[in-house]
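Colleague: Next comes the sequence, and after it the predicted model I'd like to discuss.
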Amino acid sequence: MAASEQKEQATQTQFSMEEALEATGGRLEKTLRPGQILTGKVVFVGSEGVAVDIGAKVEGMIPFNQLTERALTEEELKALLKPGDQVRVQVLKADMENGQIILSRKKVEAAEVWDQVQALYEKGEPVTVTIKEKVKGGLVADLMGLEAFMPASQVDLRRTPNLDPYLGQQVLAKIIEVHRKKQRIILSRRAILEEEQKRAKEAFLKSLEPGQEVEGVVVDVTEFGAFVNLGPVDGLVHRSEITWGRFNHPKEVIRKGQKVRAKVLSVDPEKERINLSIKALIPDPWTTVEEKYPVGSRVRGKVVGLTPFGAFIEVEPGLEGLIHVSELSWTKRPRHPSEVLKEGEEVEAVVLRLDPQERRLSLGLKQTQPDPWQALVEKYPPGSVVKGKVTGVTEFGVFVEIEPGMEGLVHVSELDYARVENPAALFQRGEEMEVVVLNIDPVEQRISLSRKRLLPPPAPRPKEEKEERPRRAKGKTREKRKAGRTSERTYEYGAVAEYNLYDASAVPTATATVKLGDLYGDLLASLGLEEEK
């Protein structure tokens, strides 16, 4: 009895399991549809794909081309799954009549990846991608099996014209846009670099202090200064802090790409501004000018400026001296320094005076040459006879050039024994004149000459033929003569008439006969005195 009951119960249990399977199979046949996502177990890996048990009457098949989006070889695809692995799949086709179910693993994988990408985008977390190819306007990267686009403007901090070096490289990027329906993902490597740069800037600015020395590379040169890259941040060297010397544009003294050392003047972490000074690390040349360039020493420099009153010479960067227009030449006074010097010309000069406190350095150009006036005194002692060319005619006398650039004055009273009322009527510029040297003053650079000393004196008239000379009024005429005697006349080229500084005995007797009476008469005439009856 017991045995028969147990057999009956086993038959009922078996019948119940079959009915349950049939009922389940019928339910699966009714609910299995394309697009449905199920979880199954890998049964085996065949030559055409992977068989998966999803609880239906027949196993579903995942073709190898539906396993993954990744580009794998056939061997790699067969090794991707093994029997017993749990796998999520999506139904592509369910033909129960023919017992065919086509599944896709990569569809589910793509959906899961999109979910992950969406989560990473919302959190703002960086992702590692592999650059696959270069296209117009940017790069295509592989992001967990999905294609993502990185615009060229988002590859680096500055736009990079050549993107070839990035091909095949793994880079860290940030997802800046996700559009699931359009299957579009936009990446930015620049966003990651900017965040890193910002953190580095903050740390670097906190570490800087005024007075600290830094080293960097010049990245840009503008009218107002140069920008120096210090690593995380750029600093500005204002044009006034580049060098002690003079320049028109900073490009003349500093160039892009040049490595420089500078001193930190100030730091503003909030505005991310750093002011630097290159010349602060270079000694001020005026502090050592007395030791390096004592008075009387010779220096070489470049003409950096020409003004009506002189020429500025740059002896070294930051140290300039002035050659006054009067110190340019021994023999002539130019109207403008450009007649003697040209801007940019290298010259040698002599230090005349210096004042480090006032930052003034006086130089002389003519001092580099022997003083011709000293040689002139030795060459033409008083009484020397010389021929020269008339260079100027005035109402008070005639200028005669006895050496190149060196002129003397023949006063109207020294032109002839007879009174000369109008010198221009008798003498012309360019003609030669023989004169005798009365005096040469090398300090004042004046030469006094005489023509009449070389002329024969007039014959004395008989006493009875002498006519009584009319007396002249003593009023204004005498006062005028007196004023003419006491005041000093300054003429062109700095010449001043001095006619009492000569030695009449020095005039050669072969060319002129000088009597004692004539000598005193001439001397009185040169002094503007007259004999009164």
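Modeller: Arrived safely, thanks for sending. Numbers count the residues shown, from 1 in each chain.
Colleague: How is S153 assigned, secondary-structure-wise?
Modeller: helix (DSSP: H, G, I helix; E, B strand; the rest coil).
Colleague: From here on, call the first residue 41.
Modeller: Okay, residue one is now 41; in that scheme the one you just asked about reads as S193.
Colleague: quick one: contacts for it?
Modeller: 178, 199, 230 (Cβ atoms under 8 Å, 6 or more residues apart in numbering). For every residue, glycine as well, the C-beta is placed using N, CA and C.
Colleague: Considering those, which possesses the most neighbours?
Modeller: When the contacts of S193 are compared by neighbour count (other Cβ atoms under 10 Å), R230 ends up highest, at 21 neighbours.
Colleague: Can you give the distance from whichever strand or helix holds V440 to the centre of its chain?
Modeller: Following DSSP states H and E, one finds V440 within strand 437-443. Centroid separation for strand 437-443 versus its chain: 53 Å, with Cα atoms, centre = their mean, to the nearest Å.
Colleague: quick one: strands adjacent to that strand?
Modeller: Strand 437-443 sits in its sheet next to strand 425-434 (antiparallel), strand 446-451 (antiparallel), going by DSSP bridges.
Colleague: Tell me the buried residues in the first one?
Modeller: Neighbour-count burial for strand 425-434, counted by 16 or more other Cβ atoms under 10 Å, picks out 425-426, 428, 430, 432-433.
Colleague: contact partners of stretch 81-93?
Modeller: Against stretch 81-93 from outside (Cβ under 8 Å, 6+ apart): 80, 99-104, 106-107, 118, 121-127, 129, 143, 145.
Colleague: Ok, stretch 200-210 next?
Modeller: Here stretch 200-210 has contacts from 168-174, 178-179, 192, 195, using Cβ under 8 Å, 6+ apart.
Colleague: Just the buried residues of the residues you listed.
Modeller: When these are checked for burial by 16+ other Cβ under 10 Å, the buried set is 169, 171, 178-179, 192, 195.
Colleague: And the furthest pair within these?
Modeller: Using Cβ to Cβ, the two most remote members of the buried ones among the contacts of stretch 200-210 are V169 and A192, lying 15.5 Å apart.
Colleague: hey, C-alpha coordinates of the strand holding V440 in CSV?
Modeller: Taking C-alpha atoms only, strand 437-443 is exported to CSV below (Å, rounded to 0.1, in the frame of the first residue of the first chain):
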residue,chain,number,x,y,z
GLY,A,437,87.0,143.6,-40.6
VAL,A,438,87.8,140.7,-42.7
PHE,A,439,88.1,137.0,-41.6
VAL,A,440,91.0,135.0,-43.1
GLU,A,441,91.4,131.2,-42.8
ILE,A,442,95.1,130.5,-42.1
GLU,A,443,94.5,126.7,-41.4
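Colleague: Give me the buried stretch members for it, please.
Modeller: Residues 437-443 are the ones in strand 437-443 that count as buried (16+ other Cβ under 10 Å).
Colleague: how about the helices in the chain?
Modeller: All helices of the chain, identified by DSSP state H, fall at 42-71, 114-118, 145-163, 229-247, 329-332, 412-419, 516-526, 556-566.
Colleague: and R393, what is it in contact with?
Modeller: If you count contacts by Cβ under 8 Å, 6+ apart, then R393 has 335, 400-402 around it.
Colleague: Now pLDDT, distance to V452 and neighbour count too, for the residues you listed, in JSON lines please.
Modeller: Formatted as JSON lines, the contacts of R393 follow (pLDDT from 0 to 100; distance: Cβ to Cβ, whole Å; neighbours: other Cβ atoms under 10 Å):
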{"residue": "V335", "pLDDT": "89", "distance to V452": "43", "neighbour count": "11"}
{"residue": "R400", "pLDDT": "88", "distance to V452": "44", "neighbour count": "13"}
{"residue": "L401", "pLDDT": "89", "distance to V452": "45", "neighbour count": "24"}
{"residue": "S402", "pLDDT": "91", "distance to V452": "39", "neighbour count": "18"}
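Colleague: Would you reformat those residues as a markdown table and include distance to V153?
Modeller: Shown next, in a markdown table, are the contacts of R393 (distance: Cβ to Cβ, whole Å):
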| residue | distance to V153 |
| --- | --- |
| V335 | 86 |
| R400 | 79 |
| L401 | 77 |
| S402 | 83 |
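Colleague: still on that earlier bit, check the contacts of stretch 200-210 and tell me the two furthest apart.
Modeller: Farthest-apart pair in the contacts of stretch 200-210 is T168 and A192; separation 20.1 Å (Cβ to Cβ).
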